[in-house]
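Student: sequence first, then the predicted structure, then my questions.
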Amino acid sequence: MTSAFADGWIKAGLPANEPEDISRAIATAALSPDLNGCTLWVSGGRFTEIENRFCSYEGREHWLGKENNEDWAKGAEFLKAGYTLPDQ
């Protein structure tokens, strides 16, 4: 992620994932047979299996949970504003 994008994300109050957050989600999925092949949403150290929940429930909050749903909505607003890639 470029520094300008990351700075904007943080200024918007969105949670940032650390490498440990992602590795914890990967390790949990690898060690849990019921998560084999599932999709995990990782947000600021929290992770939620979303694929099965998405297929079973209507409404993002039902399958992401309240906090992750709020993060998703904030992230969508941040991305709607647009992001210009730096000159290469």
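Tutor: Right, received. Where do you want to start?
Student: sec struct for the nearest residue in space to residue 60 that is not next to it in sequence, please.
Tutor: Nearest residue to residue 60, sequence neighbours excluded (Cβ to Cβ, 6 or more residues apart in numbering): residue 69, at 5.2 Å. All C-beta spots, glycine's among them, are computed from the backbone N, C-alpha and C. Under DSSP: H, G, I helix; E, B strand; the rest coil, residue 69 falls in the helix class.
Student: surely residue 69 and residue 61 touch.
Tutor: Yes - under the criterion of Cβ atoms under 8 Å, residue 69 makes contact with residue 61 at 4.1 Å.
Student: tell me which of these two has more neighbours.
Tutor: When residue 69 and residue 61 are compared for neighbours, residue 69 comes out ahead with 18 against 14, by other Cβ atoms under 10 Å.
Student: show me the contacts for the spatially closest residue to residue 43 that is not a sequence neighbour.
Tutor: Among residues not flanking residue 43 along the chain, residue 71 sits closest, at 4.6 Å (Cβ to Cβ, 6+ apart). Applying Cβ atoms under 8 Å, 6 or more residues apart in numbering to residue 71 gives the contacts 14, 15, 43, 44.
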